[in-house]
Every structure is written in C-alpha cells, then in structure tokens.
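*Asks:* Predicted coordinates and the sequence they were generated for:
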Amino acid sequence: MGSAPAPANVREICRARRADGPAAVLAIGTANPANCVLQEDFPDFYFRATNSEHLVGLKEKFKRICQKLGVQKRYLHHTEELLRAHPEFLDHVDTPSLDERLDIAKAAVPELAAEACRKAIAEWGRPAADITHLVVTTNSGAHIPGVDFQLVPLLGLRPTVRRTMLYLNGCFAGAAALRVAKDLAENNRGARVLVVCAELTVLLFTRPAAEGALQFQTLINQGLFGDGAGAVIVGADPAVSAERALFEIVSAAQTIIPDSEGVITMHLTKGGYGGNISTRQVPELIGGNVERCLVDAFEPLGVGVGAGCWNHLFWDVHPGSSAILDKIDDVLQLKPEKLAASRRVLSEYGNMFGVTVIFVLDELRRRIEKGEEEGAPEWGVMLAFGPGLTVETMVLHRCVEQGTGGGAAAEKLAVA
Ligand SMILES: CC(C)(COP(=O)(O)OP(=O)(O)OC[C@H]1O[C@@H](n2cnc3c(N)ncnc32)[C@H](O)[C@@H]1OP(=O)(O)O)[C@@H](O)C(=O)NCCC(=O)NCCSC(=O)CC(=O)O
C-alpha cells in the first residue's frame, strides 16, 4: 500500500490556476450592416420614411442638430423597405411594437455579432474551439437563450464554453465586457475570452414628435446612433510566435458620477426603448469628473502619468457626440490629434453604444501601426460613459515587441 497523497493546499491550487501576466487584447474584429446612410441625406430619408414632410420647421432643426453631432455616415439595419413593412414602428408611444422589434433583433444581432467574431478569430489565428469563455453584451434584445447561446453553433465554439450575457448596459457595455474578460483571463490560466458587443437601433426608431418633451430626445436618438458589432479576444500569457498581444489591460475601474442618476436612462417599453439623455448635462458632468477618474486610475500604478501630462497617452474615448469629445479636449488640454481615433469612428459610424470603444481600439491600433499616433505612446486609456452616469476607465499598455506578448506592464512611460 502506497502512502495517501498529501492534502491539497487550496491556496496553491487557486494560485496555480491564475495566469502569470496581465490580460491582453489578442485580436479585434468589427462589422456593420450593409445599409450605409450619409448624414447629409438622413433628414430627407427620416422625414420621408416617417410621413413627416409636413413638419418643415422641425426638419430644418433636425438638419442643424445632425450637423452638430460629429457624424458623417452610419450603418443601419433598418431600411425604408423594413420600415414600410412595420408601420407600427412609427409610433413608439401608443402603438405596441416591442415584440416585432425584438424579433428583428433576435435574428439580426447574432448574425452581426458572429461576423465581427469571425474576423477577430481569423486575426487571432487559432481555432474557434480554443475559446474558453464568451462575454456578450447588447442593449438590442431581451431573449433567453440569448445571443451568447446562438453564437456557439454559429462560430463552432465548444458547448462547454463558459458564457456571460450582459443586457442593457447602455454605452458603457463594451468597456464593462472587457473588464469582465480581464478578470476571467487573469484568473483562469490559459483562458481565451471572446468578447462581443453588438447593437441595432431598430428598438429606437420612431417618427419625430410634432411637439412636447420627447421631441428633442427623438431627434437626437435618430441623428446620433448607428448599428455595429465589435469583437475582441482577450487572454493572458500569449503563446510566443502563435499569438500577438496588441494591448495589455492593466487596470479596469467603474465609477458612478455623484448626483447623476437620471442623466442617462434606458428601459424597454411596449414601443421599443424609452429613456432620457440630458444632452446639456452629459458633457458638463463628464468634463467635471473625468480628471478624477484618470488620476484614480493612474496614480496607484506609479508609471509617471498624472495631471498635466495627459498628452503622453493614447486615447480611446467613447464618442458620445462631438460636444462630449470637445469638453474632454478642453478640460484635459489635449492636443487636437489625441481624440482623432474617437472622432473618426464617430464620423464614420455614429455612436454605436458600447460597440464604439471597440471600433476606436481597432482604429488606434491601425493608426499606431501606420505611425499616425504622434510619439507612439506606450500607455493609454479607454474611457466609456453610460447610464447612471457611469464611467468605465481602463488603463491600456501598448505591446511593443509584437509577436512575443509585448512589454512588461511596469515599463516606465515613454514621453511623447
Ligand atoms: C445636443 C447637442 C448636439 C447640441 O449641440 P450644441 O449645444 O452645440 O448646439 P445648440 O445649443 O445650438 O443646439 C442645437 C439645437 O438644438 C436645440 N437644443 C439643444 N439642446 C436642447 C435641449 N436639451 N432641449 C431642447 N432643445 C435643445 C437648440 O435650441 C438648437 O435649436 P435651434 O437650432 O432651433 O436653435 C450637444 O449638446 C451634444 O452633443 N450633447 C451631448 C449629447 C449626448 O449626451 N450624447 C451621449 C449619448 S448617450 C451615450 O453615448 C451613452 C449611453 O446611451 O449609454
């Protein structure tokens, strides 16, 4: 008889299961519906498709608003044809249409999400079956089994993939999903987490209100938001030569801005989404609180980034609208090119809720690869905002030695 094995030390078991290094972004994929709308043509489309041409003054006001949002182009799943087939979508206050809108989202969101995921998986270069965890987030749906479940057969993921579904996180959904992925990757040695965020604005579509409190909010909703999906593969300790780390996720924090409840709200109604965006307060509150969020994120890291040197970072800011980006520029005294990736994504795709920060990350890596990021900063930040008002602050470290999993997170700031 051999001796019994020594009792397991639970702490050691847990420690052995953790990754050695920080979570890193290993690949990014994006997708949009085929239907592209130009902002300059959109007021004509919108007032025609909603039988609202008689509201001549309101259409002129909508044109002025559209010019102020920073958007040139967007992609929308809903076409004039789809809207003709659903006249109930024109009146989201009195006519029930939630079921029909959710049916459209149920079919289209997984397809759009899968397209972005396939691109990320192709870039990653490993089989889809090597994905161990899936984190999905959308505001566009309310089904169980949800998009996470649909993606398993669509992508050929293993049935044992560990799924997390985040519904209704507003515009901070993408950053929240990445924050969850960071913890999963760092606490499960070898984990490869597929994060995907997908949005369709078909739940938001309605005709302009001839008068009343909803009028301005409706115009903002129709002029600002766009459809898309963004996927990211997150993992720690990338395999040398088999995987390429783009950005290490050094820290991830979430905070509620004081006295902000009700500034951005969203809920499902019989006609799609209800809710409110206090468009004058949002830029002010973000401007008044952003520096504290940044200091709280960078100070504990001791990497020499703090107040007065924000221009030494690269920036992935959720482009809620150009007024928000202008406010951040102003408060932090950023050089004009610092928010160029955020501004470009807003201009080319509109505000795609939580998807947008993933597009900005993709744009940033392209700019860095092409040498378009002045000074090629090693440290950067992702900032996302959403209902609450909630701010997500994620510190990123650009991986310098491509193909080896990147540099150590303790590297000192390379001054731009
Ligand atoms: C709404 C704006 C484009 C307005 O731009 P400006 O302030 O520069 O322009 P402006 O004052 O001339 O306003 C343009 C026209 O809109 C009218 N207007 C402006 N604000 C108004 C309001 N609150 N109520 C009613 N009308 C308003 C003006 O009277 C004017 O009409 P007239 O031309 O007739 O004189 C901007 O303030 C903005 O982008 N705000 C932030 C938007 C936002 O909150 N985005 C976050 C989305 S939510 C998100 O991203 C997260 C999430 O959802 O979770």
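*Replies:* Done, it's in. Residues are numbered from 1 along each chain as shown.

*Asks:* Relative to the ligand, how far out is residue 275?
*Replies:* Per Cβ to the nearest ligand atom, to the nearest Å, residue 275 is found 8 Å from the ligand. Where C-beta positions appear, they are placed from N, C-alpha and C, glycine not excepted.

*Asks:* Where does that residue sit: helix, strand or coil?
*Replies:* Look at residue 275: counting by DSSP: H, G, I helix; E, B strand; the rest coil, its state is strand.

*Asks:* please begin residue numbering at 858 from this point
*Replies:* Got it, the first residue is 858 from now on, which makes the last one we talked about residue 1132.

*Asks:* In the longest helix belonging to the chain, which residues are buried?
*Replies:* Secondary structure of the chain read by DSSP state H shows that its longest helix is helix 955-981. For helix 955-981, the neighbour count (16 or more other Cβ atoms under 10 Å) marks 955, 958-959, 961-963, 965-978, 981 as buried.

*Asks:* Let me know the helix or strand that residue 1001 is in.
*Replies:* In this assignment (DSSP states H and E), residue 1001 forms part of neither any helix nor any strand.

*Asks:* number of nearby residues for it?
*Replies:* For residue 1001, the neighbour count with other Cβ atoms under 10 Å is 9.

*Asks:* residue contacts, it?
*Replies:* By Cβ atoms under 8 Å, 6 or more residues apart in numbering, no residues touch residue 1001.

*Asks:* Tell me the confidence at it?
*Replies:* Note on residue 1001: pLDDT of 94.

*Asks:* State the distance from it to residue 955.
*Replies:* 16 Å (Cβ to Cβ, to the nearest Å).

*Asks:* can you check residue 1255 too?
*Replies:* Counting by Cβ to Cβ, the gap from residue 1255 to residue 955 is 43 Å.

*Asks:* Output the set of residues of this structure in proximity to the ligand.
*Replies:* Residues of the chain found near the ligand (Cβ under 6 Å from any ligand atom) are 918, 921-922, 925-926, 1027-1028, 1073, 1077, 1121, 1134, 1136-1137, 1139-1140, 1177-1178, 1180-1181, 1208, 1242-1244.

*Asks:* is it true that residue 1140 touches residue 1180?
*Replies:* Yes. Look at residue 1140 against residue 1180 with Cβ atoms under 8 Å: they come within range, at 4.8 Å.

*Asks:* which of these two has more neighbours?
*Replies:* residue 1140 (21 against 17).

*Asks:* Quick check: closest non-adjacent residue to the more buried one.
*Replies:* residue 1184 (4.1 Å; Cβ to Cβ, 6 or more residues apart in numbering).

*Asks:* for the stretch 858-1007 of the chain, what are the low-confidence residue spans?
*Replies:* Within the stretch 858-1007 of the chain, the stretches with pLDDT under 70 are 858-860, 862-864.

*Asks:* ranges for the helices of it?
*Replies:* All helices of the stretch 858-1007 of the chain, identified by DSSP state H, counting those that start in this stretch, fall at 867-874, 899-906, 913-925, 937-942, 955-981, 1004-1012.

*Asks:* any chance of those in CSV, plus distance to residue 1158?
*Replies:* Putting the helices of the stretch 858-1007 of the chain into CSV (distance: least, Cβ to Cβ, whole Å) gives the following:
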stretch, distance to residue 1158
helix 867-874, 23
helix 899-906, 43
helix 913-925, 37
helix 937-942, 48
helix 955-981, 28
helix 1004-1012, 33
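
*Asks:* Phi first, then psi, for residue 1137.
*Replies:* With angles defined as degrees, to the nearest 10, residue 1137 sits at phi -80, psi -30.

*Asks:* That one and residue 1181, how far apart?
*Replies:* Where residue 1181 is concerned, residue 1137 sits at a distance of 11 Å (Cβ to Cβ).

*Asks:* Those two: which has the busier surroundings?
*Replies:* Neighbours per residue (other Cβ under 10 Å) separate residue 1137 from residue 1181, with residue 1181 holding more: 25 against 10.

*Asks:* give the contact list for that one.
*Replies:* 1139-1140, 1143, 1174, 1242.

*Asks:* So for residue 1265, what pLDDT did the model give?
*Replies:* 38.

*Asks:* just the one 4 residues further on next, same as before
*Replies:* Here the pLDDT value assigned to residue 1269 is 37.

*Asks:* hmm, which of the residues of the chain next to the ligand are the buried ones?
*Replies:* 918, 922, 926, 1027-1028, 1077, 1121, 1134, 1136, 1139-1140, 1177-1178, 1180-1181, 1208, 1242-1244.

*Asks:* Return the subset of those residues lying in helices.
*Replies:* 918, 922, 1077, 1139-1140, 1180-1181.

*Asks:* okay, the strand or helix carrying residue 1185 in CSV with CA atoms only?
*Replies:* Secondary structure from DSSP H and E places residue 1185 in helix 1179-1189. Presented in CSV, the C-alpha positions along helix 1179-1189 are these (Å, rounded to 0.1, in the frame of the first residue of the first chain):
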residue,chain,number,x,y,z
SER,A,1179,-18.6,65.7,-30.6
ALA,A,1180,-19.7,68.0,-27.7
ILE,A,1181,-18.5,65.4,-25.3
LEU,A,1182,-15.2,65.0,-27.0
ASP,A,1183,-14.8,68.8,-27.2
LYS,A,1184,-15.4,69.0,-23.4
ILE,A,1185,-12.8,66.3,-22.7
ASP,A,1186,-10.3,68.1,-25.0
ASP,A,1187,-10.9,71.3,-23.2
VAL,A,1188,-10.8,70.1,-19.6
LEU,A,1189,-7.6,68.0,-20.1
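
*Asks:* I'd like to know which elements the next helix or strand after that helix is packed against.
*Replies:* Next along the chain after helix 1179-1189, taking DSSP H and E as the criterion, comes helix 1197-1206. Counting contacts by 3 or more Cβ pairs under 8 Å, 6 or more residues apart in numbering; DSSP states H and E, helix 1197-1206 is packed against strand 930-932, strand 1171-1174, helix 1179-1189, helix 1213-1226.
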